[in-house]
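Asker: Give the three-dimensional model of this entry:
(one chain, ligands or ions: 1)
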Amino acid sequence: MKRQWGWGVLGALGLGFVAVRLNGKLRPKPMPVNIERFFLTNPLRVSYFGYRDALRLAGDLKGLRVLEVGVGVGVILEEIAKRVGDSGQAFGVDVQSDAVAITEQRLSQGGLMSRTGLATANALEMPWTDQSMNRVIMVAMLGEIPSAHRVEALKEAGRVLNEGGKLVITEFWPDPHYIPLSRMVGLLREAGFGIVDIHQKPLLYSISAKRER
Ligand SMILES: C[S@@+](CC[C@H](N)C(=O)[O-])C[C@H]1O[C@@H](n2cnc3c(N)ncnc32)[C@H](O)[C@@H]1O
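Answerer: Reported below is the predicted structural model:
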């Protein structure tokens, strides 16, 4: 009897997981901020699925203008703002105003707002001028954009990147909106990027790319 219960619970969890993944794939949409607060700030996420891999590929950020697209609750932007130093600037954009508000609060508490610019806007139309950024970072965000608009979002990232600027993307599984690496490479090429570097570890990859002009 106990064993049957065990299988029942496992089966229900498995079905729930498949349903969430399917829903994320078929109807991509921004993750609600309350869920982000839990999933994006817990220690496992921050240590393994956090910013380290993306920021390693982004290189030394000191003095640079670095934009994170889809900041969520600001965990990664806070680290970016620390790394750019006094001479650099960190920028963040999110389509959800609640996420931007939480990010602002986080950066203010850390005394980092003087070197940070935030905007509530869509990744498809960002409020920064052409070639104004040295780096653009996207972590676990592109898959939340409907598939028909993903190349457009990458082109918009390419628009704000300056000559020699780098786009860095991290995706991890089992994010319901996970985009497999081979698909991501295809999207980047379609958007006019050349691949610079790929870093993979179990359940996660980071990829850096430069616009081919
Ligand atoms: C899963 S969260 C990741 C947040 C952050 N990058 C991190 O890893 O901690 C993805 C974020 O992308 C944002 N997002 C989704 N679609 C967007 C769009 N079209 N334009 C701007 N932000 C978007 C969501 O609102 C959400 O806050």
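Asker: if I read this right, residue 130 contacts residue 158, doesn't it?
Answerer: No. The criterion here is Cβ atoms under 8 Å, and residue 130 misses it with residue 158 at 9.8 Å. (C-beta placed from N, C-alpha, C; glycine too.)
Asker: which one of these two has more residues nearby?
Answerer: residue 158 (22 against 10; other Cβ atoms under 10 Å).
Asker: Apart from its chain neighbours, what residue comes closest to that one?
Answerer: Excluding its sequence neighbours, the residue lying closest to residue 158 (Cβ to Cβ, 6 or more residues apart in numbering) is residue 211, at 4.4 Å.
Asker: In this structure that neighbour contacts residue 164, no?
Answerer: No. Under the criterion of Cβ under 8 Å, residue 211 makes no contact with residue 164, lying 9.2 Å away.
Asker: More neighbours: those two, which one.
Answerer: residue 211 (22 against 8).
Asker: immediately after the helix or strand of the chain with the lowest mean pLDDT, which helix or strand?
Answerer: The weakest-scoring helix or strand in the chain, judged by mean pLDDT, DSSP states H and E, is helix 2-26 (a mean of 64). On the C-terminal side of helix 2-26, the nearest following helix or strand under DSSP states H and E is helix 33-41.
Asker: quick one: that next one to chain centroid distance?
Answerer: The chain centre lies 14 Å from the centre of helix 33-41; the measure is Cα atoms, centre = their mean, to the nearest Å.
Asker: Contacts for whichever helix or strand comes after it, please.
Answerer: Per DSSP H and E, the first helix or strand lying C-terminal to helix 33-41 is helix 43-48. Residues from elsewhere that reach helix 43-48, judged by Cβ atoms under 8 Å, 6 or more residues apart in numbering: 39, 75, 204.
Asker: switch to 7 Å and redo it
Answerer: With contact meaning Cβ atoms under 7 Å, 6 or more residues apart in numbering, helix 43-48 is reached by 39, 75.
Asker: Show me what secondary structure element comes after it.
Answerer: As assigned by DSSP H and E, the chain's next helix or strand after helix 43-48 is helix 52-58.
Asker: List the pairing partners of the helix or strand that comes right after that following helix within its sheet, with orientation.
Answerer: Using DSSP H and E, the helix or strand that follows helix 52-58 in sequence is strand 65-69. Partners of strand 65-69 in the sheet, by DSSP bridges, are strand 89-94 (parallel), strand 133-139 (parallel).
Asker: Residue 186 is in contact with residue 154, correct?
Answerer: No. Counting by Cβ atoms under 7 Å, residue 154 stays clear of residue 186, with 10.9 Å between them.
Asker: Looking only at neighbour counts, state which of the two leads.
Answerer: residue 154 (28 against 13).
Asker: check contacts around the most centrally placed residue in the chain.
Answerer: The chain has residue 139 as the residue nearest its centroid, 1.9 Å off, counting by Cα atoms, centre = their mean. When contacts are counted by Cβ under 7 Å, 6+ apart, residue 139 touches 51, 54, 76, 170.
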